[in-house]
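Visitor: Here you go, sequence then predicted model.
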Amino acid sequence: MLKITDLVKRYGKGDPVLKNLDLTIEGESVVSIIGSSGAGKSTLLRCINRLVEPTSGSIVLNGTELTTLQGRELRAARRKIGMVFQSFNLVDRLTVMENVQSGRLGYISTWAAVMRRYPKKDIRRAFELMERVGIAHYADKRADELSGGERQRVGVVRALMQDPEILLADEPTASLDPKTSEQIMGLLRDLAGELKLPVLINIHNVNEAKIYTDRIVGMRYGRIIFDDKPDSLDQEAMDQIYSGSPHADRSTDMKEAS
Amino acid sequence: MSDAPDTWRKPPFIANRWLRWAVYLGVITYIVWVGASMPINWERVADGLGRAKRIFGGAFPPSFERSGLLIDGFLESLKIALLATAGGVALSIPIAFMAARNIAPLPIYYLGRAIIIIARSFHPVIVAIIFVKAVGFGPFAGVLTLIVYSIGFVAKMLAERIEEIDFGQVEAMRAAGAPYLSTLVYAIFPQIMPRQIGLSIYQLDSNLRASAVVGIVGAGGIGATLANAFGRYDYDFALAITIVIVGAILISEGVSGMIRKRIG
């Protein structure tokens, strides 16, 4: 279970990008976060694995408070949080297998990583997962030889190699064509079911959010103003989520806006 | 027809026309004044022409009689260049990481930049003079000099490459909980590797050239042979050495250009 309480993120002295935000994710649900650019979706996701440092508030994943962790403990916690990126963030000049195994870097020694001496069970797991998403035959190819959809599959497998307790996906389909995009969304939904994994997806495509996820969270400039089943997302709610201006919304008091 | 204007001129570099002309005039005046105030003694120029004629007269035809000495000097230069490149590149990698703003903490960054600036601020000949004083005449001083020279160039260029990397790959490793060194090896090394190889080859080529120069102030190699030949008025031998240096540099430049093109 992921429980976010009173989360605030402020860059420098400006208005907060996340404003006293609360969000709880239970079980193996697939949750999508929608909202216009700059609403804070990406910041929210990155606060969870601390790629972005939260200003205040609490984020608890399965009993571990994430916001106060440092050094080794932070790295150990990050291993349990898989992340899939919009621009895939694969190491282009390494092979698909090396990219997939890089999901295990938090578990193996630097020496083993440098020498590419991966544990047998990691290699077997990698082949299983690559087989599952249909990229096993690319194991020896360089990552930059693959197409967008295939690259994102590598990204997903890399995240799953971490043996995560939650999967974060930061606009995983924004760089893909519509058809590939649907395949990846379907894959994320199916994997969530198979691996009993909660998945949190930032997404711009509201239709895909409705089709592939169990719950939609609507953000508007630092606040959650919608949180319900996809069926309840009507035109009025949509207008609410996609209106407003960053500055006006961020600087007004929370109560007025909601 | 619309009223839109049909002429357009590029805005001048300095908008204020008075300031513009003042700057142009100032620059021209200064250059003329500098030229006029340099002491140029035409008598000495005339003498020099005669001397130059004597040197060139003595240099032809080039003499390869003492080719044993020539080959020894050249091999020593090659050794100096190879050792200095290996040492310089090996030291440049950690220094480049220190001097890359996007991955080094601020105090480390300043330290790394300081090392590079110091290594760059002196011409190899000056560094060579210092090392010759410190460790004595010979190739060891040459190696040390060219290590400093290599750091100044390779570390600087490599640090700039590190600052240009796609940081998303680093982020992905961090998100997976990878420790610092593993992150460097997986997310950064693959991105800078082609540049690293290209720089090393270029530096080997460059060190070979520089090793001839630093030899003149006593840091060993073919430069030392050349300086001796000049000192003993063996202009024909000096010309032979010069021809060999030019030939070696042409070959090394061709080879390094070919290799760098292959790596792309």
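Guide: Here it is on my side, so go on.
Visitor: What helix or strand is residue B:51 located in?
Guide: Element membership for residue B:51 (DSSP states H and E) is helix B:42-59.
Visitor: which element follows that helix toward the C-terminus?
Guide: For helix B:42-59, the following helix or strand on the C-terminal side (DSSP H and E) is helix B:67-98.
Visitor: and that following helix, what's its mean pLDDT?
Guide: Mean pLDDT, helix B:67-98: 90.
Visitor: does any part of it sit near chain A?
Guide: No: using CB under 8 Å from any CB of the partner chain, helix B:67-98 stays clear of chain A, coming no nearer than 14.3 Å. Placement of C-beta: from N, CA and C, glycine included.
Visitor: Identify each buried residue in that helix, please.
Guide: For helix B:67-98, burial by neighbour count (16 or more other CB atoms under 10 Å in any protein chain shown) applies to B:70, B:73-74, B:76-85, B:87-89, B:91-93, B:95-98.
Visitor: Could you show which parts of chain A are in contact with chain B?
Guide: A:49, A:51, A:74-79, A:81-83, A:85, A:87-94, A:98, A:102-106, A:110, A:113-114, A:155, A:158-159, A:162.
Visitor: okay, now residue B:47: neighbour count?
Guide: Neighbour count of residue B:47, defined by other CB atoms under 10 Å in any protein chain shown: 11.
Visitor: Please report how far residue B:261 lies from chain A.
Guide: Counting by CB to the nearest CB, to the nearest Å, the gap between residue B:261 and chain A amounts to 18 Å.
Visitor: what separates that residue from residue B:194, distance-wise?
Guide: To residue B:194, residue B:261 is 12 Å away according to CB to CB, to the nearest Å.
Visitor: out of these two, which sits in the more crowded spot?
Guide: The residue with more neighbours, out of residue B:261 and residue B:194, is residue B:194; 14 against 9, by other CB under 10 Å.
Visitor: Now do that one, the pLDDT please.
Guide: Note for residue B:194: predicted pLDDT of 86.
Visitor: just the one 3 residues further on next, same as before
Guide: Model confidence at residue B:197, given as pLDDT, is 88.
Visitor: residue in chain A nearest to chain B?
Guide: Chain B sits closest to residue A:106 of chain A, with a gap of 3.0 Å, by CB to the nearest CB.
Visitor: Kindly tell me how buried the residue nearest to that residue when sequence neighbours are not counted is, as a neighbour count.
Guide: Nearest residue to residue A:106 in three dimensions, chain neighbours excluded: residue B:177, at 3.0 Å (CB to CB, 6 or more residues apart in numbering or on different chains). By other CB under 10 Å, 24 other residues sit near residue B:177.
Visitor: Next: residue A:236.
Guide: Each residue near residue A:236 was counted by other CB under 10 Å, and the total is 8.
Visitor: Identify each buried residue in the host helix or strand of it, please.
Guide: Under the criterion of DSSP H and E, residue A:236 resides in helix A:235-241. Across helix A:235-241, burial judged by 16+ other CB under 10 Å covers residue A:241.
Visitor: Name whatever forms a beta bridge with the closest residue to residue A:23 other than its chain neighbours.
Guide: Of all residues not flanking residue A:23 in the chain, residue A:4 sits nearest, at 4.4 Å (CB to CB, 6+ apart). Counting by DSSP bridges, residue A:4 forms beta bridges with residue A:23, residue A:59.
Visitor: check contacts around the residue of the stretch 151-264 of chain B at minimum distance from chain A.
Guide: Among residues of the stretch 151-264 of chain B, the one nearest chain A by CB to the nearest CB turns out to be residue B:177. It sits 3.0 Å away. Counting by CB atoms under 8 Å, 6 or more residues apart in numbering or on different chains, residue B:177 makes contact with A:74-79, A:105-106, A:162.
Visitor: Is the residue nearest to residue A:106 in a helix, a strand, or coil?
Guide: Classification of residue B:177 using DSSP: H, G, I helix; E, B strand; the rest coil returns coil.
Visitor: now it: how far from residue A:136?
Guide: Separation of residue B:177 from residue A:136 (CB to CB) stands at 25 Å.
Visitor: pLDDT below threshold where in chain A?
Guide: Counting by pLDDT under 70, chain A shows low-confidence ranges at A:247-258.
Visitor: for it, what spans make up the strands?
Guide: Assigned by DSSP state E, chain A shows strands spanning A:2-9, A:18-25, A:30-34, A:56-61, A:64-65, A:81-84, A:166-170, A:199-202, A:215-220, A:223-228.
Visitor: Now distance to residue A:131 and mean neighbour count too, for these, in JSON lines please.
Guide: Formatted as JSON lines, the strands of chain A follow (distance: least, CB to CB, whole Å; neighbours: other CB atoms under 10 Å in any protein chain shown):
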{"stretch": "strand A:2-9", "distance to residue A:131": "29", "mean neighbour count": "18"}
{"stretch": "strand A:18-25", "distance to residue A:131": "29", "mean neighbour count": "19"}
{"stretch": "strand A:30-34", "distance to residue A:131": "22", "mean neighbour count": "24"}
{"stretch": "strand A:56-61", "distance to residue A:131": "29", "mean neighbour count": "17"}
{"stretch": "strand A:64-65", "distance to residue A:131": "32", "mean neighbour count": "13"}
{"stretch": "strand A:81-84", "distance to residue A:131": "18", "mean neighbour count": "27"}
{"stretch": "strand A:166-170", "distance to residue A:131": "19", "mean neighbour count": "24"}
{"stretch": "strand A:199-202", "distance to residue A:131": "21", "mean neighbour count": "26"}
{"stretch": "strand A:215-220", "distance to residue A:131": "30", "mean neighbour count": "22"}
{"stretch": "strand A:223-228", "distance to residue A:131": "36", "mean neighbour count": "18"}
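Visitor: What number of residues are in the vicinity of residue A:134?
Guide: When neighbours are counted by other CB under 10 Å, residue A:134 registers 13.
Visitor: Correction: the previous question concerned residue B:54.
Guide: Residue B:54 sits with 11 neighbouring residues when counted by other CB under 10 Å.
Visitor: where does it land on pLDDT?
Guide: As predicted, residue B:54 sits at a pLDDT of 81.
Visitor: same deal with the one 10 residues further on?
Guide: At residue B:64, the predicted lDDT confidence score is 77.
Visitor: Please verify my assumption that it contacts residue B:238.
Guide: No: under the criterion of CB atoms under 8 Å, residue B:64 lies out of contact with residue B:238, with a separation of 12.0 Å.
Visitor: Those two: which is more packed in?
Guide: residue B:238 (23 against 14).
Visitor: Could you find the closest non-adjacent residue to residue B:222?
Guide: Closest residue to residue B:222 apart from its sequence neighbours, by CB to CB, 6+ apart: residue B:73 at 3.9 Å.
Visitor: ugh, wrong one, I meant residue B:74
Guide: The shortest distance from residue B:74 to any non-neighbouring residue, by CB to CB, 6+ apart, is to residue B:222 (4.9 Å).
Visitor: Quick one: residues contacting the one you found.
Guide: Going by CB under 8 Å, 6+ apart, residue B:222 touches B:70, B:73-74, B:76-77, B:211-212, B:215, B:241, B:244-245.
Visitor: go with 10 Å
Guide: With contact set as CB atoms under 10 Å, 6 or more residues apart in numbering or on different chains, residue B:222 has these partners: B:69-78, B:80, B:208, B:211-212, B:215-216, B:241-242, B:244-245, B:248.
Visitor: Equivalent analysis for residue B:234, please.
Guide: Contact analysis of residue B:234 by CB under 10 Å, 6+ apart lists B:58-59, B:63, B:65-66, B:228, B:240-241.
Visitor: Any chance of those residues in a markdown table with neighbour count and distance to chain A as columns?
Guide: Converted to a markdown table, these look like this (neighbours: other CB atoms under 10 Å in any protein chain shown; distance: CB to the nearest CB, whole Å):
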| residue | neighbour count | distance to chain A |
| --- | --- | --- |
| B:58 | 13 | 56 |
| B:59 | 17 | 52 |
| B:63 | 18 | 52 |
| B:65 | 12 | 53 |
| B:66 | 15 | 50 |
| B:228 | 17 | 48 |
| B:240 | 22 | 47 |
| B:241 | 27 | 44 |
